[in-house]
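*Asks:* Dropping the sequence and predicted coords here.
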Amino acid sequence: MSAMNLSNAIVTGGAGAIGSRLVHRLLESGADSVVVIDDLSSGYEWLLPKDSRLKLIRRDVCDIAALGIRLKEPTVFHLAAFFANQNSVDHPFDDLHTNGKGTLAVLDWAAKNDASRVVYASAGCSIAGHGIDAPIHEDMPVSLHLDTPYQITKALGEFYCNYFGKQVSTVRCRFFNSFGPGELPGRYRNVIPNFIWAAMNEEPIVITGTGQETRDFIFVDDLVQGLLLAATTPGANGQAVNLGTGIQTRILDLAETIVRTCQSRSRIEFAPRRDWDHSPRRQADISRARACMDFSPSVDVAHGIFRTVDWFARNRARIDESVQVAV
Ligand SMILES: NC(=O)c1ccc[n+]([C@@H]2O[C@H](COP(=O)([O-])OP(=O)(O)OC[C@H]3O[C@@H](n4cnc5c(N)ncnc54)[C@H](O)[C@@H]3O)[C@@H](O)[C@H]2O)c1
């Protein structure tokens with residue numbers, strides 16, 4: 001991996017669950033300068049390291065052109081987003097603002113300021129649509145019948161990447177379900193932090209569906225490794241690459257693993273599936289990321305859960321405080 005391309009980095013959404021882990025990793029890898037643009041709407045300053053090479057700009061990513069950022073040929077990791085499906089159903093205009101206009105603003109700025117590459121955080125759910133019962137490959141047709149505004153605007157971001165691709169190098173990384181240290185529980189967050197928080201507080205773990213549904217869960221540090229590879233692999237330019245594990249996990253198995261790991265007495269309960277959720281199974285085909293970038297996720301779900309629970313236990317007071325403020 002060429003460290004040169006990563007010496008100057010901009011991470012939009014860098015105070016978020018994935019962005020903050022990426023920032024840690026960039027600094028540990030010897031970056032000279034990392035600029036985070038984050039309005040802290042769903043991110044937390046305490047997730048970021050204290051480091052003189054790091055600058056946090058607390059602003060709307062749509063304002064990127066007005067921030068006076070001067071970095072030589074930066075790599076831009078564009079992770080800021082209005083997160084995620086249910087939130088976009090409840091607030092579709094906010095979703096379009098950040099995920100649509102924000103992505104346009106980042107690409108336009110990157111093209112005009114000699115960015116070496118833009119790595120865009122797309123979503124595995126964003127392109128293929130529902131009813132697919134097979135590993136999702138990058139070349140599957142784009143559905144015009146997506147289930148949520150978030151899926152639509154994540155796909156829109158990919159259209160913009162392709163449009164700007166003649167002016168600036170872009171890679172569209174299609175994340176599957178990320179989990180790990182750094183993601184807090186909350187109404188609009190993913191299942192794993194919510195299940196862990198419920199288990200730690202001896203509250204019922206509520207599965208929306210039958211529990212037989214599957215998702216492809218990727219540990220956040222493996223995902224971060226994929227982002228670094230996407231930033232530094234010449235052959236990734238212009239590509240879409242799935243960042244998942246290629247392995248499906250049943251939601252019921254996940255809940256049971258979490259209860260066991262937390263040594264909790266929480267009961268598992270079931271509620272109706274959310275009305276926009278028409279995807280009983282999700283699995284990435286990661287053969288392209290393996291072949292093109294030597295991507296090789298290594299943390300299995302059980303071990304990743306163990307590390308995540310450990311992080312929750314060590315940060316319980318701060319998580320509790322942050323969750324109270326967010327309510
Ligand atoms: N977590 C997943 O499983 C997953 C799956 C697919 C795609 N993604 C994508 O990965 C990226 C990171 O996801 P995450 O899980 O870290 O989410 P997150 O909510 O923790 O991080 C997003 C960050 O963007 C910031 N933000 C939101 N609106 C902003 C705005 N207008 N201006 C500046 N900052 C803003 C938030 O404060 C937050 O820190 C997102 O683009 C998301 O769509 C995540």
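*Replies:* Cool, got the structure.
*Asks:* Which residues of the stretch 1-150 of the chain lie near the ligand?
*Replies:* By Cβ under 6 Å from any ligand atom, the part of the stretch 1-150 of the chain that sits against the ligand consists of 13, 15-19, 37-43, 60-61, 79-83, 98, 102, 121, 123. Yep, even glycine has a C-beta here, placed from its N, CA and C like the rest.
*Asks:* Just confirm P280 is within a helix.
*Replies:* No - applying DSSP: H, G, I helix; E, B strand; the rest coil, one finds P280 to be coil, outside a helix.
*Asks:* Pretty sure it sits against E213.
*Replies:* Yes - using Cβ atoms under 8 Å, P280 is in contact with E213, at 5.0 Å.
*Asks:* higher neighbour count, those two?
*Replies:* Neighbours per residue, other Cβ atoms under 10 Å: of P280 and E213, the larger number sits with E213, 21 against 15.
*Asks:* Strands of the stretch 51-200 of the chain, start to end?
*Replies:* 54-57, 75-78, 117-123, 170-175, 177-179 (DSSP state E, counting those that start in this stretch).
*Asks:* Can you name every helix or strand that the helix or strand bottoming out on mean pLDDT in the chain contacts?
*Replies:* Here the helix or strand of the chain ranked lowest by mean pLDDT, DSSP states H and E is helix 125-128, holding a mean of 79. In terms of contacts (3 or more Cβ pairs under 8 Å, 6 or more residues apart in numbering; DSSP states H and E), helix 125-128 is packed against helix 149-164.
*Asks:* helices or strands next to the helix it packs on in the packing?
*Replies:* Looks like helix 149-164 contacts helix 85-90, helix 92-95, helix 102-112, strand 117-123, helix 125-128, strand 170-175 (3+ Cβ pairs under 8 Å, 6+ apart).
*Asks:* Among these, which one carries the weakest average confidence?
*Replies:* Of all the helices and strands packed on helix 149-164, the minimum mean pLDDT falls on helix 125-128 (a mean of 79).
*Asks:* on that earlier part again, determine which stretch of the strands of the stretch 51-200 of the chain is the most buried.
*Replies:* strand 75-78 (a mean of 29; mean count of other Cβ atoms under 10 Å).
*Asks:* Residues contacting it, please?
*Replies:* Here strand 75-78 makes contact (Cβ atoms under 8 Å, 6 or more residues apart in numbering) with 5-6, 8-14, 19, 22, 61, 103, 106-107, 110, 115-121, 157, 227, 231.
*Asks:* repeat that with 6 Å
*Replies:* 5-6, 9-12, 106, 110, 115-120, 231 (Cβ atoms under 6 Å, 6 or more residues apart in numbering).
*Asks:* So for it, mean pLDDT?
*Replies:* 98.
*Asks:* Neighbouring strands - and their directions - for that strand?
*Replies:* Sheet pairing of strand 75-78 (DSSP bridges) gives strand 8-12 (parallel), strand 117-123 (parallel).
*Asks:* before we move on, back to that, include distance to P272 when you put the strands of the stretch 51-200 of the chain into a markdown table, please.
*Replies:* Output for these, formatted as a markdown table (distance: least, Cβ to Cβ, whole Å):
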| stretch | distance to P272 |
| --- | --- |
| strand 54-57 | 40 |
| strand 75-78 | 35 |
| strand 117-123 | 23 |
| strand 170-175 | 26 |
| strand 177-179 | 21 |
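*Asks:* The ones you listed: which one's closest to M293?
*Replies:* Closest to M293 of these, according to Cβ to Cβ: strand 170-175, at 9.1 Å.
*Asks:* Who does that closest one pair with, and is each partner parallel or antiparallel?
*Replies:* When DSSP bridges is applied, strand 170-175 pairs with strand 117-123 (parallel), strand 240-243 (parallel).
*Asks:* Just after the shortest one, pick out the following helix or strand.
*Replies:* By that I understand strand 240-243. Proceeding N to C from strand 240-243, the next assigned helix or strand is strand 249-250, under DSSP states H and E.
*Asks:* List the contacts of the next helix or strand after that next one.
*Replies:* Beyond strand 249-250 on the C-terminal side, the first helix or strand identified by DSSP H and E is helix 251-261. Helix 251-261 is contacted from outside by 195-196, 199, 205, 207, 211, 213, 266, 268, 302, 305-306, 309, using Cβ under 6 Å, 6+ apart.
*Asks:* List the residues that contact the closest residue to K101 other than its chain neighbours.
*Replies:* Of all residues not flanking K101 in the chain, C62 sits nearest, at 5.2 Å (Cβ to Cβ, 6 or more residues apart in numbering). Applying Cβ under 6 Å, 6+ apart, we find C62 in contact with K101, G102, A105.
*Asks:* same thing with V168?
*Replies:* A110, A111, A115, V118.
*Asks:* and stretch 185-205 with the ligand, contact?
*Replies:* Yes - part of stretch 185-205 sits near the ligand under the criterion Cβ under 6 Å from any ligand atom, namely N190.
*Asks:* before we move on, what SS does S42 have?
*Replies:* Criterion first, three-state DSSP; result for S42: coil.
*Asks:* what about it, neighbour count?
*Replies:* Burial measure for S42: 22 neighbouring residues, criterion other Cβ under 10 Å.
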